[in-house]
Each structure stands twice: as C-alpha cells, then as structure tokens.
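Enquirer: attaching a predicted model along with its sequence, questions to come.
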Amino acid sequence: MANSSSPHESIPFYRNVKTISILAQIVFLIVLLIAIGIIVRNVIQGVKTLGVPADFGWIGDRSGIPLSESPIPYDENIHPYRRVLWIGFLNTLKIAIPGVVLATLLGIAVALMRLSKNWILRQIGTVYVETVRNIPLAIQIFFWYSVILIPNLPIGVNALGIGDIFLNNSTGLSIPWLYPSQNFGLFLPWLLGAIGLAVLIYLFRRRQIFLSERPGNPWTLTLAGFLLVAGIGYLFAQQNAKHPEGLALDFNAGRGRLSSYIDANGNESKDRNEQGAKAIAVTVSIDSGYMEVIPDKRTEIGQVINSGFRFARLQSSEFSKAEVTFVNPVPDSLKLHFDKYPSIGQIYSDRNNNGTWDKGEELRTAEEIAASGTPEEGYEGSAYTLRLSIEGFKRRLVTDAFGETRFPRFQDATNPQTLLGAATPLAFSRPSFPSERTLMVGGQVLSNSYIALLLALVIYTASFIAEIVRGGILSVSKGQSEASKALGLSNGQTFNLVVFPQAMRIIIPPLISNYLNLTKNSSLGFLAAYPEFFKISEIVSNQSGATVPTILLLMAGYLLISFSFSIILNFYNARVRLVER
C-alpha cells in the first residue's frame, strides 16, 4: 500500500511550530500597540478635559527659566522650552560620560588594592568598599556639596590657585580650555582623518601582534599617527585661517567690557541686532590707571577676617608696576599685609615694629575703637579706602559664545588699546577675575554643584565596580597566570595580556548595569543644586503644565542614554566572550 503523504509535502502553516510562534508574537505586538494606543488616547482626552496641554505645541514657547549653568549659549528671555530640555539632557551627559570613565578607573584601582599582597593596601580597599557602598548616595551628595566644598573653600578672588587653575566656593573650579573658533571647520576634516587613521593603525597593530604571537602595545603607534596627522592638519588650517569679514571690537575701558562682533552696517558701533563673534583672542592694555576698594569684614572658611581688602586679581606678569596706598590720611603705624600681591591682603597696625603682620594686629585696640566712635573690630570702612595704581597693564582675553568678555575697570585709564590676536582654529582661553567680586571669565568653569555630584557618583559607583572587577579577576584560573609566567611574561604582562582580558568576559555584563545606574542616579543632582535633565524637566512640567509630554521626553532621553551604553558595551561583550561549539 502506497504512502498517502509524500516526504516532500510541506506542513500546513497552522501546524508549523515556527510559523505559529512568529504569528503569536505578531499578534501579541499588535495587541500591545493597541492597548498602548488606547491608554495614550484616554490620557490625552483626560488632560485635554482638564485644560492641560497634551501635545508638543508648547515646546517652542519662550521658557523664562533661569539656569545656573549651561554647556551651550542660553538666554531665558529668548530661548524656548526645547532649548531648556536639551540643556538638561546635555548636563546629564556631562555628568554621565566623565562619571563612567572615572568610576571605572577608580573601581579597577580599588579592586587591585583589594587583591594586593600589601596588607595596608588591602585594608584600605576593603574599608573603602564596605563603607562607601553602605552609605546612601543622597547623603554622599549632600556631604560633598554642603559639608566639604561650600563651607571650606575661599570666596571670590581669594580662590585657591595653581597657575591658571582656580577653585573657590562661588564659581567652582576654573581651568584653561580650548574653544573652537570661527575657523574650526578648516581643522575638522583633518581631525576626523586623524581619528580614522588611528583606528586603522590600531586594528593593523592588533592583527600584527596576534600573528606574531608575542606581546606588544598597539597604542604607541596609534597615538603617534593621530598626533602627526592632527598636528599637520592644524598647521595647514592655521595658515588658511582668517577672521570673519566685518569683524570689529567694542572696547569700553571705563565699564570693563569688550565685545567682538560682525559690523554688518559698517557704522563702527555695535547695534543690538548685530551678531557676536565667538572665541576671538584679544589683548587689552592700558598705560596707567587705578582702582579703589573699601576694606571690609567677612567670614570665610569658618573664620572671621577683619581689615581685609580685595582688588581684581592681577597676575605679576600682567603689569610692569603696581602700588597700593591709602587714599585718606591714616596713622603711620598702619601697614599692608599681602596674601596675594597686589590684589588681596589685610590692613594691620605694626605695634611691635617688626615690619611684618602678626596675628591680632589686624584688630583695633579698645582705645582706637573708643577714639573713632565706630564699633568695627578691624580697620574697615571708607576711612581706610585703598587705591591700587597700575602701570603697563596687559591681559589676553578670549570672547565667549556671545562675543563678550570682561576686563578690570581702571579709573583714569590712559591710552586704552586692543590688539586682535591671530586667527586660529582653536582659541586657548585662560580664566581671570575682572573685578574684586566673584565674577570670573574665560576658561572652563566646573561649578561646585557639578563637582560635588560627580565626586559622589564616581566614589559611590566605583565601590560596586571594584567588587565586580575583583570577582572577575578571581574567576580566572591560577593556572593561566602560572602558564604565562612559565613563558617568561612579567607580572604586568601577565595581568594585561592574560588575566584581565579573560576577566572582562565576566566583568562586562554587570558593569553595564552599574553604568546605567550611575546615569539614572544623576537625577539626584538637585541635592547639589545641579540642573540636570530630571530637575529641569520637572520645572518645565510645572511651568508649562504639559506634564504628560514632558514625562515622555524625559523617558525618551534616559532611554537614549541607556541604550547607547548598552549597545556599545554589548558589542564589546560579544567580541570578547567565549564561543562554545
């Protein structure tokens, strides 16, 4: 009897397990989308009934929201809500990307300390991990911001300084920085070419080292190739760089303001509708001038400072001659002690005639207080006005994104001049103090809010990364280390070429989760007054009333960051994981 079915007869789709599985998933997806659509429609109808915006028409309205810091130009009186939300997103990235890198490096260092044969290092690493990870992150953020940074840093121009790096409790950390100028487009193709060449060299060297079956370092030649092409490109770009057509400078020595702008109508005066020219290097100078201040009493770093005076902070290389004198007649016994000549110091009475300031000499005696009829403990007030006379002052400045910058205001400034710097693809900007107050211009400023949040996130996350890395290293068989040492590899080569690459296969998956946690934990930035994505979205939601659209944008932003980290690290994880047969 012949078989009724042929061996080549196809199975009906309704009996094919694979087809049924695919169809079931499609049906489930359709049902899910329909359910989401119904929920969204009901929510939109509900909020419309309440008179609350449910679409994104409001996103182009003027925001009017002041922000303490922004990585891009922002004016609350001009820019719309979408600009504010974009700034919040960038501020979160500004925390997340450096935070991930620093937390990884610190975590690896602590893990190696815990695995060290040195007893002291092991105990330090253990105490760090067991202490930090058991303290809530919110408390750590509050600790760094409100306990360490704000109360214990000096005020304004009295900032701690090393060269052109300054740190104070009002501005934060100010460092020199490179800004792209109007000519950066000339250098950009060379920069991209240098990056592409570096990638090719790295892949070639990796392949070469693999085929040679000998240890090697692919990064030396990679870095050399990048620097060579980028350096040559920068020189070519600088030769072809030129200032924008119609560039003009508006320098007001009396107000201490300098603007670089495009003089569109050629009237040699800056009008309100004329665009500023960013990142323009200008040297301003005066032959002579002076500034005056009134000594005051202030509390700084938990201490009361009497008889203190502060001029705009000047560097010794910026002037040829400086002298500080009293404006009003004062007793000959009153002298000046400088903490930072010629800008910061105290008035004191040299009662022991030793020519130097001794503690307590900045305070007036009871007889002086009674004779003056004023209750001040020190030499404060207009009766002790000081004048800083300056000669040959010169300072190099770089205008900001709006084409603006500030300059110390000297009275009776003689021969004020400006000298336009050479056009370059990148402008090197140094921080400086244009006044005796807290204002600072130039360079890159990292606020105390940012520093506190970054420190807390890095230190907290690194304690978890350290345990992940330690566990990954311990999972590698000791036989691997013994075999590599038998081949003549040093301890460093054994770790870098044998142990750590194998440990990475175990480290990467939980590491991704910690990177995502760091990003999401940045939403606690409000504890340090840092304007990150979550807090700005909350303010936008409250002000515009568009709660649902704002939440959707907030979710999309965090998902975008999370997916980016996941895709990159999962790609790397797929490259390094063991492939089983």
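Expert: Perfect, thanks for sending it. Residues are numbered from 1 along each chain as shown.
Enquirer: ranges for the helices of the stretch 101-250 of the chain?
Expert: Ranges of helices in the stretch 101-250 of the chain, per DSSP state H, counting those that start in this stretch, are 119-132, 137-142, 150-152, 184-212, 219-240.
Enquirer: weakest of those helices by average pLDDT?
Expert: The stretch with the lowest mean pLDDT among the helices of the stretch 101-250 of the chain is helix 150-152, which comes in at a mean of 88.
Enquirer: give the contact list for the nearest residue to P408 once chain neighbours are set aside.
Expert: The spatial neighbour of P408 that comes closest, neighbours along the chain excluded (CB to CB, 6 or more residues apart in numbering), is A312 at 4.1 Å. Where you see a C-beta, it was placed from the backbone N, CA and C, and this is true even at glycine. By CB atoms under 8 Å, 6 or more residues apart in numbering, the contact list for A312 reads V157, M291, S343, P408, R409, F433, P434, S435, E436.
Enquirer: just checking, which of these belong to strands?
Expert: Cross-referencing the contacts of A312 with the strands (criterion: DSSP state E) gives M291 as the overlap.
Enquirer: if we can go back for a sec, quick one, which of the helices of the stretch 101-250 of the chain is packed in tightest?
Expert: Each of the helices of the stretch 101-250 of the chain was given a mean neighbour count from mean count of other CB atoms under 10 Å, and the largest, a mean of 17, is that of helix 137-142.
Enquirer: from the contact counts, what lies against that helix?
Expert: Taking 3 or more CB pairs under 8 Å, 6 or more residues apart in numbering; DSSP states H and E as the contact definition, the neighbouring helices and strands of helix 137-142 are helix 448-474.
Enquirer: buried stuff in the helix it packs on?
Expert: Buried residues in helix 448-474, defined by neighbour count with 16 or more other CB atoms under 10 Å: 448-470, 472-473.
Enquirer: identify the bridge partners of E323.
Expert: Under DSSP bridges, the beta-bridge partners of E323 are S389.
Enquirer: centre of the chain versus stretch 551-568, how much separation?
Expert: Computed by CA atoms, centre = their mean, to the nearest Å, the separation of stretch 551-568 from the middle of its chain amounts to 21 Å.
Enquirer: for stretch 82-92, that is, sorry about that
Expert: Distance of stretch 82-92 from its chain centroid, counting by CA atoms, centre = their mean, is 14 Å.
Enquirer: tell me which residues are up against it.
Expert: Counting contacts by CB under 8 Å, 6+ apart, the residues outside stretch 82-92 that touch it are 59-60, 63, 65, 67, 69-72, 74, 519, 522, 525, 530-537, 540, 550, 553, 557, 561.
Enquirer: same thing but 7 Å
Expert: For stretch 82-92, the external contacting residues (CB atoms under 7 Å, 6 or more residues apart in numbering) are 59-60, 63, 65, 67, 70-72, 74, 522, 531-533, 536-537, 540, 553, 557, 561.
Enquirer: mind checking which of the residues you listed are buried?
Expert: A residue is treated as buried here by neighbour count (16+ other CB under 10 Å); on that basis the buried members of the contacts of stretch 82-92 are 59, 63, 65, 67, 70, 74, 522, 531-533, 536-537, 540, 553, 557, 561.
Enquirer: what about G276, distance to S70?
Expert: In this structure, G276 and S70 are 16 Å apart, going by CB to CB, to the nearest Å.
Enquirer: cool, and K478?
Expert: K478 sits 53 Å away from S70, taking CB to CB as the criterion.
Enquirer: could you pull out the helices for the stretch 251-400 of the chain?
Expert: Listed from the start of the chain, the stretch 251-400 of the chain has helices (DSSP H, counting those that start in this stretch) covering 366-372.
Enquirer: residue boundaries of the strands in it?
Expert: Using DSSP state E, counting those that start in this stretch, the strands of the stretch 251-400 of the chain run over 257-262, 281-293, 296-300, 303-310, 321-326, 334-340, 344-349, 386-398.
Enquirer: can you add mean neighbour count and give those back as CSV?
Expert: What follows is those, written out as CSV (neighbours: other CB atoms under 10 Å):
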stretch, mean neighbour count
strand 257-262, 21
strand 281-293, 18
strand 296-300, 14
strand 303-310, 19
strand 321-326, 14
strand 334-340, 15
strand 344-349, 22
strand 386-398, 19
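Enquirer: can you list the weak-confidence ranges in the stretch 1-150 of the chain?
Expert: 1-11, 13-15, 47-48, 50-54 (pLDDT under 70).
Enquirer: go again with 90.
Expert: 1-29, 32-33, 35-79, 116-117, 150 (pLDDT under 90).
Enquirer: for the residue nearest the centre of the chain, which residues make a bridge with it?
Expert: Centrality entry for the chain: nearest residue to the mean C-alpha point is L446, 5.0 Å, by CA atoms, centre = their mean. According to DSSP bridges, L173 are recorded as the beta-bridge partners of L446.
Enquirer: roughly how far does it sit from N168?
Expert: Relative to N168, L446 is positioned 12 Å away (CB to CB).
Enquirer: again, but for F534
Expert: Here the criterion is CB to CB. By it, F534 lies 28 Å from N168.
Enquirer: which one of the two has more residues nearby?
Expert: Under the neighbour definition other CB atoms under 10 Å, F534 and N168 were set side by side, and N168 has more, 23 against 19.
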